[in-house]
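Participant: Quick one: sequence plus predicted model below, questions after.
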Amino acid sequence: MKEGDKVEADVVLGRISFRAPKKQNQNPYMQQQQTEILMYARPYDDNSVYVVDGMVKLGMGNNPDDFRQKLFCRIKPGDIKSLTFSYQGEPTFTLQGENNKWVLDGQPVDSAATAKYIHNFSYAQGAKFVNGFNPSGQVPSGKISIELNGQQPVVLTAYKVDSTHTVVHSTLNEESYFNGQSGKIFEKFFVKKDHFSPGNKTK
């Protein structure tokens, strides 16, 4: 495990073993549930081998993307002042908090649909990385600019690759680009204006 070029930890992971509970339970099902899973590990420069509770080796992942930061958005809903939506070829619109309620370009919204949408910002991860994507020279197909109380604004951007695929990006995770369809991340965030309209049955 490295930070830059510096090795911070070097660990050898060994075999996995199983140990039955000390007190045998007469119920076979309960006995199976209580079985302990152990793994042996040793710091590279240490002569001692240690026993770790759990399958650490299996939980660490098998490819580089398993170790990457998958954060797409993590904002407390109460910190959001306004959201401005810009879609290519369409008029910009703004969802804004006023007097403990939301308005869309000054007009009333569907409060339940809006509250559900705003909750999406509390935590979201990308499901699949798009490696090698270069946004230079590309016009975003969608952009959401989020104004926050006492914090730097956050911008979510979508790039249309073809008729069925998009790439999404967040300024909260500058180095990563994600497949917008995996985990429905594009669908959750990049909604159109009528999503907030009262009486819209497609929400």
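Facilitator: Arrived safely.

Participant: Remind me what the helix ranked longest in the chain packs against, helices and strands.
Facilitator: Taking DSSP state H as the criterion, the chain has its longest helix at helix 111-119. Where contact means 3 or more CB pairs under 8 Å, 6 or more residues apart in numbering; DSSP states H and E, helix 111-119 is packed against strand 101-104. (Each C-beta comes from the backbone N, C-alpha and C, glycine too.)

Participant: Distance from the chain centre to the strand it packs on, please.
Facilitator: The chain centroid and the centroid of strand 101-104 are separated by 26 Å under CA atoms, centre = their mean, to the nearest Å.

Participant: Partner strands of that strand, with direction?
Facilitator: strand 93-98 (antiparallel), strand 107-108 (antiparallel) (DSSP bridges).

Participant: mind giving me the domain split of the chain?
Facilitator: 2-60, 71-196 (automatic domain parsing).

Participant: Identify the residue nearest the geometric centre of this protein.
Facilitator: Residue closest to the average C-alpha location in the chain (CA atoms, centre = their mean): Gln125, at 0.9 Å.

Participant: Tell me the pLDDT of it.
Facilitator: Gln125 is assigned 96 on the pLDDT scale.

Participant: who are the neighbours in contact with it?
Facilitator: Contact analysis of Gln125 by CB atoms under 8 Å, 6 or more residues apart in numbering lists 70-72, 183.

Participant: who does it bridge with?
Facilitator: With DSSP bridges applied, Gln125 shows beta-bridge pairing to Leu71.

Participant: which stretch in the domains of the chain has the least confidence?
Facilitator: Mean pLDDT per stretch puts domain 2-60 lowest among those, at a mean of 77.

Participant: number of nearby residues for the closest residue in space to Ser145 that isn't next to it in sequence?
Facilitator: Distances taken as CB to CB, 6 or more residues apart in numbering put Thr84 closest to Ser145, at 4.5 Å, once the chain neighbours are dropped. Other residues within reach of Thr84, judged by other CB atoms under 10 Å, total 16.

Participant: and the closest residue to Val109 other than its chain neighbours, what are its phi and psi?
Facilitator: Distances taken as CB to CB, 6+ apart place Phe196 nearest to Val109, at 4.3 Å, with adjacent residues excluded. For Phe196, the backbone dihedrals (degrees, to the nearest 10) come out as phi -100, psi 0.
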